[in-house]
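In: give me a model of this one.
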Amino acid sequence: MNKLYYQPEGGWVGDIMPCYHNGQYFLYYQCDKRDPAPFPNGNPFGWSLVVTKDMIHFEDYGEVLKTGPRNTREECLYAGSVIHANGCFRAFYTGRCEGWYGPEHPPAEAVMFATSDDGIHWRKKEELTFTAPEGYEKDYFRDPYVFYYKEDDTWIMILPARKDEGPAIRRGVMLYYSSSDLEHWDFQGELWYPEMYHLLQMPDLFKIGDWWYLLFSEYCDERKTRYRMSRSIHGPWHVPPDDSLDSRCFYAARTIVVGDERYIFGWNPTRMDDLSMWIWGGTAIMHKIEQRTDGTLGVLMPPQYEAVFAPKAPLQLRELHLSRMDGCDEHTVLDDSSRNFRLDWKFKLHDNTQSFGIRFYMNSEQDIGYTFEFRPNENLVVFDKLPMQKWFSYMNMGMQRSLKIMQDRTYSASLIVDDDLAVLYVDDVAFDVRMCEKPGSELRMFVNAGSVAIFDIRQYGMGGICRSSLKMAK
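Out: Numbers count the residues shown, from 1 in each chain. Next comes the predicted model:
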C-alpha cells in the first residue's frame, strides 16, 4: 500500500487540476472507480476533491463536481482548471457526451463553467458553455487552462483542439482565448500548431523570469508530459534538449505556485502485472519545479516530504568503490529493505564505465528484481527488470530518462520506494516508475565494465502520514 503518494481508497487518480488558496492545496481530479472496468469503459466520472495543507495529511471529499445524465452534455466531465479569483473559486471544465461523437450529432465536447464559495459546493453556469470555433474539429475541444496575463491585464484560456484540415492524425493545435470578466471569452487564434501530435492534452502556461513555458501531455509518442520554452507568450516555441519532466509514468501534469515555489502534479498509471499494458489512472505524484541557469526546467523532491522521512540507524556500509573492467561488480547495501523507504547517496564515475546503478526488490536465489541503470555513454538512465533472459522481461517502452553523467563529478541521488511506486531523483532530474511483483527485499549497488565511487549512503523510513476517511460535503 502506498504511504506517501496519494490514491483514494477504492479509486484511481486521473488528471489532477490543482488550486492553492488560503494555505491549502485543493487537488481536483478524475476518480476512476473502475466500475465495471477502467476508463474509458467504466462508468462516467465527474471531478473529485482532496484537500491538504502539507501534502502529507489529506481530507477526501469525494466527487464534488457532478456529471449529468447519460447521453447529455455532461455525461462525463473531462479535465479543466480551477482558480480562485474575484471572490470565489471558478472551475473551467470539459463536458463530454460519448454518444454525440460524429458528424450527425452536436459537438461531443464543450467548455463549461461553475463557481463555488468554498471549493466544495458548485453552481454550474450552463448558459456560458461554448464549443470549438469554425475551422476546428467539433468533437475535440477540452482541458481548458486559465491564468491571469498581467502584461495585458487580461485573463487567458488555452485549450487543445484539432484542425479540421491537415495531416490525418497530427492535427493537434493549442488555441487561446481572452476575457476581462472570466465569463465571456473571445477567440484569439492559435498559440501553437506543431503538426506532431494527435492532441496536446492538459496544457499549462507560465512564466519564470524571462522565459515562458508551455506544458502539454501527448499520447502519440511516449505518453509523456513535455514542454516548450519561449521569450514571448506568442512564441516561437523552442524545444529544450530534454523536453520531458519525468518518465512515461508521469502524465497529464499541471503546476501551481505556492509562495515563491512552483509545484507540478501528475499521475502514475497502473497495470495488472509487469508484462501487461498500462491502464489509465493511478496514483498522484508531485515534484518541485526548478529553473536552471540556461532557462530549461528541472524537478526536485518537494521539501514538504522531509517531514515524512525519519533517519534510520546508520548503515554499516556508508561508502563503497565498485570496479571491474571485464564484467559486473555489485554489493548488497540492504539485506531486507522495507516496502516504504528512501535511500540517499552520492556517486562519482571513473574511467570509461559502461553502466552502473541500483537494484532493489532483489531476490538473490532467483536473481530477480528491478534496476535503475545509468548508461553514461548513451546519456541515459533506464528502468528495467532482472533477469534479462526473456524477451521481454518488462514492458519498458518509454522507461528511460535523458541524463548526462560526467566523469569525476559528484552527483546526489535519492530513491523513494513507496510499495509499488519508485521515484528516482538525480540532482534535478526525476524518474518515477511502477513495479507490480516485488520478488525480494535486497538492495544492491552495481557497476558493469567500469568503476564508480558511491558514498554518504543514508537510509530513511516513512511515518506520520494520514489518509482521512471520506468527508461528505454538507
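In: rank the helices and strands of the protein by mean pLDDT and give me the bottom one.
Out: Lowest mean confidence among the helices and strands of the chain (mean pLDDT, DSSP states H and E): strand 466-470, at a mean of 60.
In: hey, where'd the strands end up in the stretch 251-400 of the chain?
Out: Per DSSP state E, counting those that start in this stretch, the stretch 251-400 of the chain carries strands over the ranges 251-258, 261-270, 279-291, 297-300, 309-311, 320-334, 340-350, 355-363, 368-375, 380-386, 400-402.
In: dump these to TSV, plus distance to H57, mean pLDDT and mean neighbour count.
Out: Placement of C-beta: from N, CA and C, glycine included. Below are these laid out as TSV (distance: least, Cβ to Cβ, whole Å; pLDDT from 0 to 100; neighbours: other Cβ atoms under 10 Å):
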stretch	distance to H57	mean pLDDT	mean neighbour count
strand 251-258	16	98	22
strand 261-270	17	98	22
strand 279-291	14	98	21
strand 297-300	22	98	20
strand 309-311	15	92	14
strand 320-334	29	96	15
strand 340-350	16	95	20
strand 355-363	28	97	22
strand 368-375	30	96	21
strand 380-386	30	93	20
strand 400-402	31	95	18
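In: which one of those strands lies nearest to R162?
Out: Nearest of those to R162, taken as Cβ to Cβ: strand 251-258 at 17.8 Å.
In: which other residues reach that closest one?
Out: Identification of contacts with strand 251-258 by Cβ atoms under 8 Å, 6 or more residues apart in numbering yields 14-20, 25, 79, 81, 145, 201-202, 204, 206, 215, 217, 223-225, 245-246, 262-269, 289.
In: so which of the residues you listed belong to strands?
Out: 14-20, 25, 79, 81, 145, 201-202, 204, 206, 215, 217, 224-225, 262-269, 289 (DSSP state E).
In: next, the buried residues of the longest strand belonging to the chain.
Out: Among the segments of the chain that qualify as a strand by DSSP E, the longest is strand 442-462. Buried residues in strand 442-462, defined by neighbour count with 16 or more other Cβ atoms under 10 Å: 442-454, 457-460, 462.
In: same question, stretch 132-145
Out: Under the neighbour-count criterion of 16+ other Cβ under 10 Å, stretch 132-145 has 132, 136-145 buried.
In: related to what we said a few turns ago, can you lay out the strands of the stretch 251-400 of the chain as a markdown table showing distance to D164?
Out: Converted to a markdown table, the strands of the stretch 251-400 of the chain look like this (distance: least, Cβ to Cβ, whole Å):
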| stretch | distance to D164 |
| --- | --- |
| strand 251-258 | 25 |
| strand 261-270 | 30 |
| strand 279-291 | 27 |
| strand 297-300 | 33 |
| strand 309-311 | 52 |
| strand 320-334 | 56 |
| strand 340-350 | 50 |
| strand 355-363 | 48 |
| strand 368-375 | 44 |
| strand 380-386 | 39 |
| strand 400-402 | 35 |
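In: which strands and helices sit next to the longest strand of the chain?
Out: strand 309-311, strand 320-334, strand 340-350, strand 355-363, strand 368-375 (3 or more Cβ pairs under 8 Å, 6 or more residues apart in numbering; DSSP states H and E).
In: what residues are up against W211?
Out: Going by Cβ under 8 Å, 6+ apart, W211 touches 229-231, 291, 295.
In: JSON lines for these, including distance to F113?
Out: Output for the contacts of W211, formatted as JSON lines (distance: Cβ to Cβ, whole Å):
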{"residue": "M229", "distance to F113": "30"}
{"residue": "S230", "distance to F113": "29"}
{"residue": "R231", "distance to F113": "32"}
{"residue": "Q291", "distance to F113": "32"}
{"residue": "G295", "distance to F113": "35"}
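In: select only the buried ones of these in PyMOL?
Out: Per 16+ other Cβ under 10 Å, the buried members of those correspond to this PyMOL selection:
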select buried, resi 229+230+295
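In: next, the buried residues of whichever strand or helix holds Y93.
Out: Element membership of Y93, judged by DSSP states H and E, is strand 88-96. Residues 89-96 are the ones in strand 88-96 that count as buried (16+ other Cβ under 10 Å).
In: that one - what's its average pLDDT?
Out: For strand 88-96, mean pLDDT is 98.
In: please begin residue numbering at 3 from this point
Out: Fine by me, first position is 3 from now on; the one you just mentioned is strand 90-98.
In: check the offset of that strand from the chain's centre.
Out: 21 Å (Cα atoms, centre = their mean, to the nearest Å).
In: so the residue nearest to the spatial centre of the chain bridges to which residues?
Out: Residue closest to the average C-alpha location in the chain (Cα atoms, centre = their mean): G268, at 2.5 Å. Per DSSP bridges, the residues bridged to G268 are I287.
In: farthest from the middle of the protein: give me that residue.
Out: Outermost residue of the chain (Cα atoms, centre = their mean): D328, 39.0 Å.
In: how close does it sit to T355?
Out: 13 Å (Cβ to Cβ, to the nearest Å).
In: spell out which residues are contacts of both of the two.
Out: Counting by Cβ under 8 Å, 6+ apart, the residues touching both D328 and T355 are A451.
In: what's near enough to touch the spatially closest residue to the residue farthest from the centre of the chain that is not a sequence neighbour?
Out: Spatial nearest neighbour of D328, chain neighbours left out: A451 (6.9 Å); criterion: Cβ to Cβ, 6 or more residues apart in numbering. For A451, the contacting residues are 326-329, 355-357, by Cβ under 8 Å, 6+ apart.
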